[in-house]
Structure formats: structure tokens, C-alpha cells
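In: here are the coordinates; sequence isn't available:
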């Protein structure tokens, strides 16, 4: 008896929330913007195919046992001269099917990008809230560190962190740890803008009376920061996170291209581009072209989506 | 009756200096702003004490010190016989604090826009881990809103309704003292009366004590049992409403009353208040009011007047009788 009515309100609330979303300005702006629709579609397709890579890939490029060196350098859509196998997007120097490798590589690129942005967000939001709320010396120290870090190109910071982390991990774990070290390096190089944005929003919010109302009933600074201020500071963070995701994907590709990122046994898009550029001038263009094209589509559409989101959420641009 | 709140020599000085690097480069010394200076006042239980004064006179600062949002630089605040500055028993302080609530001036900034009304109202109780079932609905009804409003967000309400929500939140923890910091100055005139009536009804029903901070003299006249007039952080006159409005003693109070609009005064010549409130960082010597005072003499430029008992009230003026 008591069980049955309980789910009803949540159900109807969810429905009305979906309906509210359908009727919101945000959805209207989305419907009216072809750039948003196209980039959202491209991102969705790429992310979905990366997630479903084991289902739609023809081979597993991470499993050396399935590779046949005789399949190497097969051009796209042409049978291999020795084995007669055909590959949609051709193969690389070790006979890996590029189509499957790109799907799996995109997985690594997206995972590293998303995890790095998440790490940067957690660090940036925490430090931004603390420096904005407490002010004083805490703020001075945190924001000066941020300023100093901004004077270095972030890829340089990432390489530095990557090098240090690699130096302290034992040799036998290096290949396994490479992905995590990559996440750490990109995440730590990217927290500054989150901290700055959150600090700015916190400075505005902490002087509002609802914060005073929470303070006078004796709520702790942490409760105020997380429950009161953070929800009101999140919408600019969302925009930065989207744009950072594109940057993090590119940063991962750059690091891998420079040879300090994902190992050749687990190639990301950047590693594939590095492999491909070695054969560009000998006529095997496809090894470079397809991973680079995928990276371009991914980064461009995430970036465009982030730009659109920034405009859509900014009331002054409406 | 015993005094519920006793304030003695309350002083608050703000450090408004530039950062030390700028001070070093521009060779400036530290700058201090005295917002509140040596204020003594007592609030009887179940009464309304009104603080009036121009903007910058320090009335909000007193309210914020009373509820504990600001620390006094000097002086004592004693509530329910507990001196909040010297008391060491944390439980005692917490129990006194939970009897004090505040209503803010701007009903648009004092409600968290991302929280539902229910969560906003019950927060003072819920944060102590107490049971809140049905509390928000009961309080909403008490302040004249509909219980089903509990599930809405603040932006779905008008200014007056939001101020009612603020009152509901202030009532949630069963306080005895509510500090009202200009509770109606952001509202339309028609809504002001409704909110003020609600406040005085609640005062009678629940036995509340109010510290009413305002610059609106008509509000004060109808609500207050005792009035304190502030000028530049100092209490210049204190009296009950009748004697203050009929026989104001301090020249500043007289000036304020002259400037206030009156229903019977259509077409009358209004003397606008002369001059402006002086710079609190560098206040005038002697009586702070002397640059604007029509009756100031030499002694006013030299010596600060002390509060004297005259009739029912106290006045800080050399020439008041």
C-alpha cells in the first residue's frame, strides 16, 4: 500500500523535467543552431563508436597474436599483395587494421581527455572555492601558483609532469601506467582556468545574503561552499569543461605524437599519427590521414559544441 | 521585564587599507573605517527596537554583529545573560545563537536560487539533524503562502512572496530574536504594509523580539517600541516613538523628521537635509554632526557630547534640553 504511491511523484516530476527541457530556451537555441546540431551529432557518433569499439571493430589491435606482419602497408579498399586480405581503411606498418585501431585509439584519446578534464575540474573547483571563500593568504598563494603555471605552455608542464612521473615508476609498470600518468600530466596542467572561473564566481556568491543566512545558523565553511556556492558557480564550469575536453584530447595527441604519451602497443590517435608521419613521404598516406581526420573531427566538433554552449548559457549574448 | 539584549560600548573598525605593496609604493599608512563606535543599547524581551539612520551610519553593522556574522572590535554583546565574547562554553553560545535569526534586505539575494523553497526553509533545522517533516508546509501557511509552494524554486515568486519565505526560514528554528535588516526597503509600498503586518502579527503570536533596522521613519513609528537614531556609527538619540516624533531633541533627529514626507504636508516647504554624512575614515573632530548642525557652537567642534538622560530618552548633544 505504502509502496505504490511513492514512485508516482518522482515519475511525474521526471516527465515534467523532460517536458521543461523540451520547452526551455536552451533546447530552442539548440534546435535553431545547425552548428550545434551537426557537432552534437558528430560527437555522439564518435563517442558511441569508441564506446562500442569491441562490438564494431573487425580485429583487436591490442592483441599482438592477431597481427600478421604480411598485412602491413595495405592501402584502403585494396587486397593485400601477399595475403589477399582487404581492409576498409588499410593497415599500418605492423599489419594492424586501421579502422579497428582508430576505434580503439579514439577510446584511449577520449578516456584520457575526459579523465584529465575531470581531474582538472576537481582540483580547480576545490582550489577555486577555497581561495574565493577564504581569501587572504590562502587565496594569494593559490592564485600566484596558478599565475606562475600559466606562464609556461601547458604542454610543457604536462611533459615535465609526465617525465617526473615516468622517472619514479618502475620500468616493468611503465607501459601499464602510461595512460594514468598521461591523465595526471594533462589534468595537472589544466586546472588553472577552472580555479580562476570558480574563484570569480565564488567571490560574487559569497557576499550574497543567502550565504550570510547559512553562516548565521552555524553551517560549516565546507557545507556552504559545496551546497550553497558550488551549484551557483557551475554553469561557467560546464562551458570550460567542454572546451577543455577538446584541448585535453589535442594535448594527449600532442604528447603521444612526441612519443611521451600512449605506448605503441596501445596506440591512441596521437600515437597513430606519429607512426603515420614516418611513412607519409613514401606514399602510405592513409596511415596518417585517417587518424588525423578522426582527431580533427572529434576535436573540432567538441570545440564547436563548447563554443555554442558558452553562447547559449551566456544571458548577455541572447 | 528584563533586557533580552544588552549591548555595551560596541565598536567595529574595518581595515580599509590598500594591499601592503600599494601602501609601500604610494607611501600611505593604513586606513581604518569606524563603522560603529561605542554604542550602548538594551532591547527588552517581546519589544521592537528600531535603529534608524542614513546609509553608512552603521546600522547594518550593528545587526550583523548581533547575529554573529561580524566580530565586534571592542565592546560587549550580551544575549539572554550570556556574554558572547567571553563565554567559553560552546554549547551555551550555540543555544543562544540558535535563538537569533535574521531577515535580509534583498529578498532576491537572500534565497539560494538553486534550492527548492522547502530546503531553504528547513535548513536551520535540518542542519542540526532534526526532523523536518511537514515543517516547511506549516511555516508557509503561517506566513500566508500555500503549502504546495514548498516544491518550487525562489525565482517563481515575487519580491513580497520571497520576503515571506525569508520570514518562514527565520521562524523555522523557533527563534526569540529576529534581526530585520531593512526588510521592506526592496518591496513595493503596497507589499511593504502586508509584510510589516505579518511581522507584527507573528511578534504577538510567537512572542518575538525584533531589532528593526531601517531608514523609513513611517515604518518605525508604527512598529517600534523604542527607537535609536544613529549618526556616523554613534547613537545620537534614543527614545520611545511618541516623544521622538513629537519632541525630537537632537538636531539630527529634527532634520530627519523635517525631511520625511507627511500626509498632511502637501505643498509645504520641505527643508532638504543639509550636507552629507561625513567620511567615516576621517570623521570630524568633536561632535560628528557639527558640520551640518544649525545650532553648533564652539564646544561642538572641540568636544564630543556624551549621552545624557532627558525625559524618557537619552540624547548626545551639548545644546539639547
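Out: Alright, I've got the coordinates. All figures in this text were calculated on a predicted structure; none of them were measured in a lab.
In: List the contacts of residue B:293.
Out: Shown in contact with residue B:293 (C-beta atoms under 8 Å, 6 or more residues apart in numbering or on different chains): B:251, B:252, B:287, B:300. Using the backbone N, CA and C atoms, a C-beta is placed for each residue, glycine as well.
In: Those residues in helices, which ones?
Out: Of the contacts of residue B:293, the ones assigned to helices by DSSP state H are B:251, B:252, B:300.
In: What residues does the stretch 1-150 of chain B have near chain A?
Out: Selection of the stretch 1-150 of chain B residues close to chain A by C-beta under 8 Å from any C-beta of the partner chain yields B:64, B:67-69, B:94, B:97-98, B:100-102, B:104-106, B:109-115, B:120, B:123-124, B:127.
In: Please check these and keep the buried ones.
Out: Among the residues of the stretch 1-150 of chain B next to chain A, those scoring as buried are B:64, B:67-69, B:97-98, B:100-102, B:104-106, B:109-112, B:114-115, B:120, B:123-124, B:127 (criterion: 16 or more other C-beta atoms under 10 Å in any protein chain shown).
In: What helices and strands are in contact with the helix or strand residue A:238 falls within?
Out: Per DSSP states H and E, residue A:238 falls inside helix A:230-257. If contacts are counted by 3 or more C-beta pairs under 8 Å, 6 or more residues apart in numbering or on different chains; DSSP states H and E, helix A:230-257 sits against helix A:98-134, helix A:154-168, helix A:174-189, helix A:191-206, helix A:269-277, helix A:286-313.
In: wait, does the last one contact chain B?
Out: No - with C-beta under 8 Å from any C-beta as the criterion, chain B is not reached by helix A:286-313; the gap is at least 14.7 Å.
In: Helices of chain B, residue ranges please.
Out: Secondary structure of chain B (DSSP H): helices located at B:20-26, B:59-67, B:90-97, B:117-126, B:135-142, B:159-172, B:189-206, B:217-223, B:241-246, B:251-259, B:298-302.
In: And the residue of chain A closest to chain B?
Out: Taking C-beta to the nearest C-beta, chain B has its nearest neighbour within chain A at residue A:209, 3.6 Å off.
In: Could you point out the helix or strand that follows the lowest-mean-pLDDT helix or strand in chain A?
Out: Lowest on mean pLDDT, DSSP states H and E among the helices and strands of chain A sits helix A:7-23, with a mean of 62. Next helix or strand after helix A:7-23 toward the C-terminus (DSSP H and E): helix A:25-32.
In: so what's residue B:103 bridging to?
Out: Going by DSSP bridges, residue B:103 is paired in beta bridges with residue B:180.
In: Let me see the contact set for residue A:97.
Out: Counting by C-beta under 8 Å, 6+ apart, residue A:97 touches A:57, A:58, A:59, A:61, A:71, A:87, A:89, A:91.
In: Could you find the closest non-adjacent residue to the last one?
Out: Sequence neighbours aside, residue A:74 is the residue nearest to residue A:91 in space, at 4.4 Å (criterion: C-beta to C-beta, 6 or more residues apart in numbering or on different chains).
In: In this structure that neighbour contacts residue A:88, no?
Out: No - taking C-beta atoms under 8 Å as the definition, residue A:74 is not a contact partner of residue A:88, at 10.4 Å.
In: And those two? Which one has more around it.
Out: Using other C-beta atoms under 10 Å in any protein chain shown, the more surrounded residue of residue A:74 and residue A:88 is residue A:74, with 26 against 12.
In: residues in chain A within reach of chain B, list them.
Out: Applying C-beta under 8 Å from any C-beta, one finds that chain A approaches chain B through A:208-210, A:212-219, A:223, A:228, A:231-232.
In: Give the buried subset of the residues you listed as a PyMOL selection command.
Out: The following PyMOL line selects those of the residues of chain A next to chain B that are buried, judged by 16+ other C-beta under 10 Å:
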select buried, chain A and resi 208+209+210+212+213+214+215+216+217+219+228+232
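In: Please list all residues in contact with residue A:236.
Out: Residues near residue A:236 by C-beta under 8 Å, 6+ apart: A:197, A:201, A:313.
In: Which among these count as buried?
Out: Here, 16+ other C-beta under 10 Å leaves A:197, A:201 buried among the contacts of residue A:236.
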